[in-house]
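S.K.: Sequence and predicted model, in that order:
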There are 2 protein chains.
Amino acid sequence: MKRSERIACMSIFLLENPSRQKQLSYFTKRYRASKASISEDLNIIDDMYQAEGIGYLKRTAGPSGGVQYIPELSHERSKQVIDELCERLSDTERILPGGYLYMTDVLGESNLVREIGRMFASKFSNRNIDVVMTVETKGISLAYAVAFYLNVPVVVVRRDPRVTEGSSVSINYVSGASRKIQTMVLSKRSLKDGDQVCIIDDFMKAGGTINGMVSLVKEFNANPAAIAVLAEADDLEEDRVIEDYVSLVKLAEVDQKGEEVFIQSGNYLEK
Amino acid sequence: MKRSERIACMSIFLLENPSRQKQLSYFTKRYRASKASISEDLNIIDDMYQAEGIGYLKRTAGPSGGVQYIPELSHERSKQVIDELCERLSDTERILPGGYLYMTDVLGESNLVREIGRMFASKFSNRNIDVVMTVETKGISLAYAVAFYLNVPVVVVRRDPRVTEGSSVSINYVSGASRKIQTMVLSKRSLKDGDQVCIIDDFMKAGGTINGMVSLVKEFNANPAAIAVLAEADDLEEDRVIEDYVSLVKLAEVDQKGEEVFIQSGNYLEK
């Protein structure tokens, strides 16, 4: 195998297995190359990832040491995603009765969702996340994208118990905006004591749903270690119960009369 | 930029943008290289993808021609995934009251889900799929994985209408196993006339839910062009209303008394 092919193979392998440590010996055996050659190849790949703005290689020395790809989308690439989101969501065609905004199509784009997942994973790569949690339905795709880049499983909280989930833990919580009492259910097998949990959702108004997930995490003696949402509504900040979170866009106002939508960046780039 | 780096960069770019045509001029400009050099690089990348068993490069000639990565997981790698699924699902710890099988943890593994998505995309890459459809909740992650590799959007059918989806089309259907009448709802903006739709779900018993999705697709004057499920139940085949589909595993029987689970391969490798 030529050197150029080996570098290409390794850069693909690492990219397809983010946040997963591989020992150097794995590569020396697979490509029948010396440790020095593989190490040099890894330098090239590291430079290339950084130049592309998609992350870097983290290397650890010693007998159990190795290499892993840590996703870290560059500021420039992150800003592009946010700007594109702001522009697309500002379309007045999206205004629904009641001042809601249609975002389902944007959440349906697997490529965009994947890149947003990589953005959130970039922010949380040093928080030792064990599991990504979301509540059905719209946040699920985002949660999987984040989990892929952090190399952890996903658990999906449901609105009502299902026989196929086995025994479960349920909590009641107060929905922030409507002040209604709602229920959340999570399979008992989903979380372990002490798990570091990353909570993901598509949209946050007053934060009642996210707060419900935080309570559920605590019910399992696990820790809500990170919270991220695609969009947050701006007009309810006084009532907000969640304070430490990351958002990509902020929905300032949906002006149904003037037929305008005011969208701005969330706090992602400042965090 | 050295040749080895250029090859690595291009192989990453193509892999991260599956089923998406890029003109050769994009690469000649980006890497300031001749058409002949880029073309030679693409030959190497094509060989490498095929050797790794992840697919191949499809090239089209002419002024509007270009290159795209077509995902096609090799028979060997596909068989590995299916064997692993069979083994893991055979664990008797998975038996739930009523003879159900706990699969939620397997569906929670983003890496595995992604690879299954690539398998389904491999099967359907020549069917001109325009959109991937699933019904909430458990099939969503699979649907996104398939859609990523086919480079098309996802639409999620819901059990009840939501204000945030805008106006919608709903149908009633008979659930195959329980013979209950159920409802499915899909936002009107989701599908267009003539769309080729790939239907994905996690589990199929008699096929009532999938059949409901087929009816919904037809309601939009679109075509149900492909159907795939992770697991199918074997014991109900006589009643089955869906015939042309792909499955990875077949749940032959859950023997609650003997505490055994009988799992075998689905029809994927034969299709």
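M.R.: Yep, it's here.
S.K.: Okay, helices next: where are they in chain A?
M.R.: Under the criterion DSSP state H, chain A contains helices at A:3-16, A:24-30, A:35-52, A:75-89, A:104-107, A:110-124, A:140-150, A:208-219.
S.K.: Would you reformat those helices as a markdown table and include distance to B:I95, mean pLDDT and mean neighbour count?
M.R.: The way it works is simple: take the backbone N, C-alpha and C, and place the C-beta from them, glycine included. Output for these, formatted as a markdown table (distance: least, CB to CB, whole Å; pLDDT from 0 to 100; neighbours: other CB atoms under 10 Å in any protein chain shown):
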| stretch | distance to B:I95 | mean pLDDT | mean neighbour count |
| --- | --- | --- | --- |
| helix A:3-16 | 34 | 93 | 22 |
| helix A:24-30 | 36 | 94 | 15 |
| helix A:35-52 | 44 | 94 | 17 |
| helix A:75-89 | 44 | 97 | 15 |
| helix A:104-107 | 35 | 94 | 20 |
| helix A:110-124 | 33 | 97 | 23 |
| helix A:140-150 | 26 | 97 | 28 |
| helix A:208-219 | 26 | 94 | 21 |
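S.K.: could you dump these to JSON lines with distance to chain B?
M.R.: Shown next, in JSON lines, are the helices of chain A (distance: least, CB to the nearest CB, whole Å):
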{"stretch": "helix A:3-16", "distance to chain B": "4"}
{"stretch": "helix A:24-30", "distance to chain B": "11"}
{"stretch": "helix A:35-52", "distance to chain B": "6"}
{"stretch": "helix A:75-89", "distance to chain B": "12"}
{"stretch": "helix A:104-107", "distance to chain B": "6"}
{"stretch": "helix A:110-124", "distance to chain B": "4"}
{"stretch": "helix A:140-150", "distance to chain B": "4"}
{"stretch": "helix A:208-219", "distance to chain B": "13"}
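S.K.: residue boundaries of the strands in the stretch 151-271 of chain A?
M.R.: Remark: strands assigned in the stretch 151-271 of chain A by DSSP state E, counting those that start in this stretch are A:154-157, A:168-174, A:181-187, A:196-204, A:223-233, A:246-255, A:260-265.
S.K.: now check the first one, is it near chain B?
M.R.: If I follow you right, that is strand A:154-157. Yes: using CB under 8 Å from any CB of the partner chain, strand A:154-157 reaches chain B at A:154-156.
S.K.: Pick out whichever of the residues you listed sits closest to chain B.
M.R.: Closest approach to chain B among the residues of strand A:154-157 next to chain B (CB to the nearest CB): A:V154, at 4.6 Å.
S.K.: who's in contact with the closest one?
M.R.: A:131-134, A:140, A:143-144, A:147, B:108-110, B:141 (CB atoms under 8 Å, 6 or more residues apart in numbering or on different chains).
S.K.: related to what we said a few turns ago, indicate which one of the helices of chain A is closest to B:M184.
M.R.: helix A:104-107 (15.5 Å; CB to CB).
S.K.: For that closest one, which helices and strands make contact with it?
M.R.: Judged by 3 or more CB pairs under 8 Å, 6 or more residues apart in numbering or on different chains; DSSP states H and E, helix A:104-107 is in contact with helix A:75-89.
S.K.: which helices and strands sit right next to the helix it packs on?
M.R.: helix A:104-107, helix A:110-124, strand A:246-255, strand A:260-265.
S.K.: Report the angle between that helix and helix A:35-52.
M.R.: 40 degrees (axes from the mean of the first three to the mean of the last three CA atoms, to 10 degrees).
S.K.: Would you mind extracting the C-alpha trace of helix A:75-89 into PDB?
M.R.: What follows is helix A:75-89, C-alpha atoms only, in PDB (Å, rounded to 0.1, in the frame of the first residue of the first chain):
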ATOM      1  CA  HIS A  75     -15.400  29.300  14.600                       C
ATOM      2  CA  GLU A  76     -15.600  30.100  10.900                       C
ATOM      3  CA  ARG A  77     -17.500  27.000   9.900                       C
ATOM      4  CA  SER A  78     -19.700  27.300  13.000                       C
ATOM      5  CA  LYS A  79     -20.600  30.900  12.100                       C
ATOM      6  CA  GLN A  80     -21.500  29.800   8.600                       C
ATOM      7  CA  VAL A  81     -24.000  27.300   9.900                       C
ATOM      8  CA  ILE A  82     -25.500  29.800  12.300                       C
ATOM      9  CA  ASP A  83     -25.700  32.500   9.600                       C
ATOM     10  CA  GLU A  84     -27.400  30.100   7.200                       C
ATOM     11  CA  LEU A  85     -29.900  29.000   9.900                       C
ATOM     12  CA  CYS A  86     -30.700  32.700  10.700                       C
ATOM     13  CA  GLU A  87     -31.300  33.500   7.100                       C
ATOM     14  CA  ARG A  88     -33.400  30.400   6.400                       C
ATOM     15  CA  LEU A  89     -35.600  30.800   9.500                       C
END
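S.K.: ok and that helix relative to helix A:110-124, angle-wise?
M.R.: Going by the same axes, to 10 degrees, helix A:75-89 makes 130 degrees with helix A:110-124.
S.K.: tell me the angle of helix A:75-89 relative to strand A:260-265?
M.R.: If you take the same axes, to 10 degrees, helix A:75-89 sits at 170 degrees to strand A:260-265.
S.K.: Which residues does helix A:75-89 contact?
M.R.: A:53-54, A:73, A:101, A:103, A:106, A:112, A:115-116, A:119, A:122, A:230-231, A:248-249, A:251, A:261, A:263-266, A:268-269.
S.K.: Just the buried residues from these, in ChimeraX please.
M.R.: Of the contacts of helix A:75-89, the buried ones can be selected in ChimeraX as follows, counting by 16 or more other CB atoms under 10 Å in any protein chain shown:
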select /A:54,73,101,103,106,112,115,116,119,122,230,231,248,249,251,261,263,265,266,268
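S.K.: now A:Q50: how far from B:A33?
M.R.: 21 Å (CB to CB, to the nearest Å).
S.K.: Equivalent analysis for A:T209, please.
M.R.: 51 Å.
S.K.: now A:Q23
M.R.: From A:Q23 over to B:A33 (counting by CB to CB), the distance is 35 Å.
S.K.: Tell me the one of the residues of strand A:154-157 next to chain B nearest B:L42?
M.R.: Scanning these for proximity to B:L42, where the rule is CB to CB, the winner is A:V154, at 35.5 Å.
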